[in-house]
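> give me a 3D structure for the following:
(2 chains)
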Protein chains: 2
Amino acid sequence: MKRPVCVLGTGRMGSSIARTLLKAGHPTWVWNRTAAKCEPLIAMGAKGAATVEDALGAAEIIFVNVLDHAASNALLKRDRVASLLAGKTVVQLTSGSPRLAREEADWLGAQGADYLDGAIMATPDFIGRAEAALLYSGSSRAYEACLPALLVLGGQTSHVGEVPGQASALDTALLTQMWGGLFGALQGMALVQVEGLELDMFRRQLLAFKPVVDAALLDLVDRTARCRFAGDDATLASLGAHHSAFQHLLEACEEQGLDAALPRAMDRFFRQALAQDGADADFAALAPLFQRNGMTHDAVA
Amino acid sequence: MKRPVCVLGTGRMGSSIARTLLKAGHPTWVWNRTAAKCEPLIAMGAKGAATVEDALGAAEIIFVNVLDHAASNALLKRDRVASLLAGKTVVQLTSGSPRLAREEADWLGAQGADYLDGAIMATPDFIGRAEAALLYSGSSRAYEACLPALLVLGGQTSHVGEVPGQASALDTALLTQMWGGLFGALQGMALVQVEGLELDMFRRQLLAFKPVVDAALLDLVDRTARCRFAGDDATLASLGAHHSAFQHLLEACEEQGLDAALPRAMDRFFRQALAQDGADADFAALAPLFQRNGMTHDAVA
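Numbers count the residues shown, from 1 in each chain, chains lettered A, B, ... in the order given. The predicted structure follows:
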């Protein structure tokens, strides 16, 4: 007998989660602010709940996937709902910040409930597949107890730590790396277009250059993890070599009238690291500037 | 009989180039400001030149790989050297900006010489291999004439366009995409470290998340190439969804006292695109803001 669950919020992601749990044999209650969005799930065998209280009634694991933590709080932080939470586990899949996760874990603890903060590193169509990655943080006891149901949602399910905010932090960090690369591409595309090159050429060379970029990224992570910031025989390109090439980006932006806000912000980090560690340092010498108390704006003004 | 060549500048990259041309059977003259750096090449059969003039004498293709364009100009833009350039092709492998490439092409044209601007998307140890990518721009006639020698240096050799600055622009653009991803990783690593997570966990999840990031990058390039900025059924995540998740990064930086210069600069672009195109637009709606006359600082202050 699979454990009874409920899913609060049946938008695209929530519906995919409910559908996947249902198919795996979990008795599944569903609730959504717009009830019509539950109908396809009810037709598949889910139990429609008129209120959040009804949805919670029999469920042991409560999956939440709504717009944001404010919307989630509006659902759970009401007397009649709060009194039903003791002994249950709330799996919060709404994306949020580490602080919101900590606050929610504290509040649920006070209600006698367990809290798992989840981050879904996949699109709705990937839910339930072996390659879908979902990250959880919070009590490992609660995680182990829910694991059979969690594994239903994705084969790449990991418990990243006991601290409630860690899944959100890791989620945000991975997205931050992605946004960096995407904004870099936006800037780079403007540069080739203004020189009259087609983006198909940029795309082709981006793929050809990819092994170099991937290697540089992993090298940066490995060096930062081990604080290996000095240049050495294995340094792929020194800080000075990077910064020298980087000047061509600043120059091209200025010459062509392209927005240089991001390159200028990066240049300040480069100059600060060069001043501290010299041109022969590894690119990873930039890492301490990003860490807490690394670089203040006053220091580089 | 392979065409005689010379290599000006025999640092790590220049030495690798000279060695590879020599092995392929090209009569190769070498010159370096510090003559001792030519000795290992001379031992392999290269002809050492005491002066740049001597190096140029018999060479039909002149490879230049020195510190920067200023150093290159100091070698070539002298009367006794300039008078030897007519009928030869200068392959400039020193990294530079599009403007420097245009200026050098003009000056060499006036001397009756051809110019190819080259960008080496590989480290010295990859020179001569099938997978080494080298990009060239400038006269396609000159490129075709030099192609047998250029192919010796790398199997992934491409002529990207007739405009001299195009290889430099493409080189800089590819590096810009890389720097974006690396700075994103620096910011992301600070975020997970401050929440008490190990970077080995970040590394592992970075690899798991990679297919999503790679797909988002290529989708961005394809949409920008075709000006498909509106949200549609194939939109991976809307501008509004990205920006909503992005707020967690800003919040976490503020809460934890991390430098937010780069996220704040990105946030200005997000807000400008959201104001113009709305939350349902595709992430690619950011692209026009980076293009010439896209967004000025006054517009987002």
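> ok, residue A:5 - how many residues close by?
By the other Cβ atoms under 10 Å in any protein chain shown criterion, the neighbourhood of residue A:5 contains 28 residues. Every C-beta, even on glycine, is put in place using the N, C-alpha and C of the backbone.
> list the contacts of it.
When contacts are counted by Cβ atoms under 8 Å, 6 or more residues apart in numbering or on different chains, residue A:5 touches A:21, A:26-29, A:59-63, A:149.
> other SSEs contacting the helix or strand encompassing residue A:74?
With elements taken from DSSP states H and E, the one containing residue A:74 is helix A:69-76. Contacting helix A:69-76 under the criterion 3 or more Cβ pairs under 8 Å, 6 or more residues apart in numbering or on different chains; DSSP states H and E are the following elements: strand A:61-64, strand A:89-92, helix A:98-110.
> again, only this time at 10 Å
Other elements packing on helix A:69-76 under the criterion 3 or more Cβ pairs under 10 Å, 6 or more residues apart in numbering or on different chains; DSSP states H and E are strand A:5-8, helix A:52-56, strand A:61-64, strand A:89-92, helix A:98-110.
> please name the nearest non-neighbouring residue to residue A:59.
Spatial nearest neighbour of residue A:59, excluding adjacent residues (Cβ to Cβ, 6 or more residues apart in numbering or on different chains): residue A:6 at 3.7 Å.
> quick revisit: just the CA trace of the next helix or strand after the helix holding residue A:74, in CSV.
Moving toward the C-terminus from helix A:69-76, the first helix or strand encountered (DSSP H and E) is helix A:79-82. Coordinates of the C-alpha atoms in helix A:79-82 are reproduced here as CSV (Å, rounded to 0.1, in the frame of the first residue of the first chain):
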residue,chain,number,x,y,z
ASP,A,79,-5.4,27.8,12.2
ARG,A,80,-7.6,25.2,10.7
VAL,A,81,-4.9,24.0,8.4
ALA,A,82,-2.0,24.2,10.9
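> hmm, back to that, got TSV for the helices and strands packed on helix A:69-76, with mean pLDDT too?
Written out in TSV, the entries for the helices and strands packed on helix A:69-76 read as follows (pLDDT from 0 to 100):
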stretch	mean pLDDT
strand A:5-8	98
helix A:52-56	95
strand A:61-64	98
strand A:89-92	97
helix A:98-110	94
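> deepest of those, which one?
Ranked by average neighbour count under the criterion mean count of other Cβ atoms under 10 Å in any protein chain shown, those are headed by strand A:5-8 at a mean of 30.
> return the distance of it from the chain's centre.
On the basis of Cα atoms, centre = their mean, to the nearest Å, strand A:5-8 sits 22 Å off its chain's mean C-alpha point.
> who does it pair up with?
Here strand A:5-8 is paired, per DSSP bridges, with strand A:28-31 (parallel), strand A:61-64 (parallel).
> quick one: residues contacting residue A:278.
Residues counted as contacts of residue A:278 (Cβ atoms under 10 Å, 6 or more residues apart in numbering or on different chains) are A:230-231, A:238-240, A:285.
> mind checking how far it is from chain B?
With the distance defined as Cβ to the nearest Cβ, to the nearest Å, residue A:278 ends up 17 Å from chain B.
> that residue and residue A:240, how far apart?
Applying Cβ to Cβ, to the nearest Å, one obtains 8 Å for the distance of residue A:278 from residue A:240.
> now the common contact residues for the two.
Shared contacts of residue A:278 and residue A:240, defined by Cβ under 10 Å, 6+ apart, are found at residue A:231.
> excluding chain neighbours, what is closest to the most centrally placed residue in chain A?
Among the residues of chain A, the smallest C-alpha distance to the mean C-alpha position (Cα atoms, centre = their mean) belongs to residue A:171, namely 2.1 Å. In space, residue A:171 comes closest to residue A:119 once its chain neighbours are excluded; the distance is 3.3 Å by Cβ to Cβ, 6+ apart.
> that's a strand at the one you found, yeah?
Yes. Membership of residue A:119 in a strand is supported by DSSP: H, G, I helix; E, B strand; the rest coil.
> which of the contacts of residue A:5 are buried? Put it as a ChimeraX command.
One line in ChimeraX is enough to select the buried members of these, burial here meaning 16 or more other Cβ atoms under 10 Å in any protein chain shown:
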select /A:21,26,27,28,29,59,60,61,62,63,149
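> nearest to chain B, of the contacts of residue A:5?
Within the contacts of residue A:5, distances to chain B taken as Cβ to the nearest Cβ reach their minimum at residue A:63, with 19.1 Å.
> distance check, that closest one against residue A:43.
As defined by Cβ to Cβ, residue A:63 lies at a distance of 20 Å from residue A:43.
> hmm, back to that, so what's the residue nearest to residue A:59 bridging to?
For residue A:6, the beta-bridge partners are residue A:29, residue A:62 (DSSP bridges).
> can you pull the contacts of it?
Taking Cβ under 10 Å, 6+ apart as the test, what residue A:6 contacts is A:18, A:21, A:26-31, A:46-47, A:49, A:52, A:54-64, A:88.
> sec struct for residue A:115, please.
Taking three-state DSSP as the rule, one finds residue A:115 in the strand state.
> that one: what's it in contact with?
If a contact means Cβ under 10 Å, 6+ apart, then residue A:115 has A:85, A:89-92, A:101-102, A:104-109, A:137-139, A:142, A:164 as its contacts.
> show me the shaky parts of chain A.
Within chain A, the stretches falling below the threshold (pLDDT under 70) are A:295-301.
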